[in-house]
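When you get a sec, could you give me coordinates for this:
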Amino acid sequence: MTEGILPPRSCVILMSKRLKSIPADSLSSRRIVLLGKTGVGKSAAGNTILGQKEFRSELNTISVTSECSDVQANVSGRSVSVVDTPGLFDTQMKQEEIMIEIVRSVYISSPGPHAFVVVFPVNMRFTEHEQKIPQLIEFMFGEEVVKYSIILFTHGDQLEGETIEELVEENEALRDLVGQCGGRYHVFNNRDQNNREQVNDLLQKIDTMIEENGGGHYSTQMFEDAQRFKREEKEKRQREEEERKQQEEKQRQEEFERVVKETEERVRAEIEKRQRQETESKRCTIL
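Here you go, the predicted structure:
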C-alpha cells in the first residue's frame, strides 16, 4: 500500500493559505464527496442529488471519471456541492495516482466536506475489495472520516419489494460494512431522478450526522493532521526497525566474539596440552 499520498508540500501550504480566507459555512450549504469503486453508480448518484445530469455516467466497468469534478446546485432551497471522484481500485490508473486524486476532493470541497458518501450497489458481490474499502478510506483520510461517512446503496429498483433495512439486517457482511461506516446508510433509485424525496431523505440523514458531529464538517486540518500522524508513525516504525537491526547486529557481533574467544581458549588449551605431553615424552626418553 502506498503511504505517500499527500500532494507536494508546497501545494498543501498554498491550498491551506487559500482556505483561511474562505468565510464560515452557511447553515444551508452542504458539501458532499462521493466515494466508491468504478461502476457502482457514483456519478449517477451525483446527478440524482443535483437533480440534473452534470456528471458523465455509463453502465460499464470502465471508469469514466479520472479526476475529481465539483458541481454546485440549488437542491430543495439549499446550496449543495457534490464532488465526484475516480473509482477505487480502478485498473485504468495506478493506485497511487487514484489515491492522490481522491484526497484532492478535500481541498476541492473547501473548507471541507460535510459528508463522505460511500457508494455500493444493492446487488453487489461482497468481494475482498469491498471489505477493504472502509479501511482504505480511513487510510486516506484518517480515523475521523468515519464520523462523516454514510453508505449510499444504488440500484434501489432491484430490491424487488424488500426494504434496504431488511437487506442489511439479513446480510452479515452488509451489517459489518454499515457498522464500519458509522451505522448510517441510505438507498437511491438513480433511474427515478424525479423522486426528490429520496434526495431530501439523504440530506436529512446528513443533517443528523452533522448535528451529531457538533455542527461541523471534515476539515482540511483533520486531513493534514491524519497525514502528519501517518508520517510520524512511519518514521517511528523506521526508527524501531533500525534499532532492531542494530540490536541484532550487536548480538551477532557479541556472539561472534564469544565464539572466537572460546575457540582461542580451546586452541590455546590444546597447544598447552600438547606441549606438556611433548615435554613429558622427552623427560621419559632421557630417563
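
how close does the residue lying closest to residue 148 once chain neighbours are set aside sit to residue 224?
Distances taken as CB to CB, 6 or more residues apart in numbering place residue 218 nearest to residue 148, at 4.3 Å, with adjacent residues excluded. Every C-beta, even on glycine, is put in place using the N, C-alpha and C of the backbone. Going from residue 218 to residue 224 by CB to CB, to the nearest Å gives 12 Å.

Between these two, which is the more surrounded one?
Comparing residue 218 with residue 224 by other CB atoms under 10 Å, the one with more neighbours is residue 218, at 25 against 17.

Report the separation between the more buried one and residue 53.
In terms of CB to CB, residue 218 sits 27 Å off from residue 53.

Surely residue 153 is in contact with residue 188?
Yes: using CB atoms under 8 Å, residue 153 makes contact with residue 188 at a distance of 7.1 Å.

list the contacts for residue 105?
Applying CB atoms under 8 Å, 6 or more residues apart in numbering, we find residue 105 in contact with 33, 68, 83, 85, 113.

and residue 107, how many neighbours?
21.

could you check the distance from it over to residue 94?
Distance from residue 107 to residue 94, by CB to CB: 21 Å.

for the longest helix along the chain, packing partners?
When the chain is parsed with DSSP state H, its longest helix is helix 220-286. Here helix 220-286 touches helix 9-20, helix 105-108, helix 128-141, going by 3 or more CB pairs under 8 Å, 6 or more residues apart in numbering; DSSP states H and E.

What average pLDDT does that helix get?
Regarding helix 220-286, the rounded mean pLDDT is 81.

Now do that helix against helix 128-141, angle only.
Using axes from the mean of the first three to the mean of the last three CA atoms, to 10 degrees, the direction of helix 220-286 lies 100 degrees away from that of helix 128-141.

buried set for stretch 184-196?
184-190, 193 (16 or more other CB atoms under 10 Å).

and that stretch, how far apart are its ends?
20 Å (CA to CA, to the nearest Å).

going forward, begin numbering at 56 instead of 1
Got it, the first residue is 56 from now on, which makes the last one we talked about stretch 239-251.

who touches it?
96, 99-100, 102-103, 106, 131, 177, 204-212, 214, 219, 223, 233, 253, 256-257, 260, 264.

okay, and for the protein, where does confidence drop off?
56-82, 113-120, 281, 284-285, 287-289, 341-342 (pLDDT under 70).

sorry, back to before: and the residue nearest to residue 203, how close does it get to residue 180?
Residue 273 is 30 Å from residue 180, by CB to CB.

and if you look at residue 314?
According to CB to CB, residue 314 stands 58 Å off from residue 180.

repeat for residue 230
When residue 230 is compared with residue 180 (using CB to CB), they lie 17 Å apart.

Which one's more surrounded, the two?
Remark: of residue 230 and residue 180, residue 230 carries more neighbours, 14 against 7, as counted by other CB under 10 Å.

give me the element that one is part of.
Using DSSP states H and E, residue 230 sits within helix 227-235.

Relative to the whole chain's centre, how far out is that helix?
Between the mean C-alpha location of helix 227-235 and the chain-wide mean there is a distance of 17 Å, by CA atoms, centre = their mean, to the nearest Å.

and what of stretch 142-159?
11 Å.

mind checking the end-to-end distance for it?
14 Å.

swap in stretch 102-112?
OK, stretch 102-112 end separation, CA to CA: 9 Å.

neighbouring contacts of it?
87, 96-99, 101, 119-120, 124, 126, 128, 130, 135, 137, 139, 243, 245, 248, 251, 253-254, 257.

Which residue, other than its chain neighbours, is closest to residue 159?
residue 123 (5.4 Å).

Ok, residue 230 next?
Nearest to residue 230 is residue 223, by CB to CB, 6+ apart, at 5.9 Å.

So residue 163 is in contact with residue 125, correct?
Yes: contact criterion CB under 8 Å: residue 163 and residue 125 qualify, at 4.9 Å.
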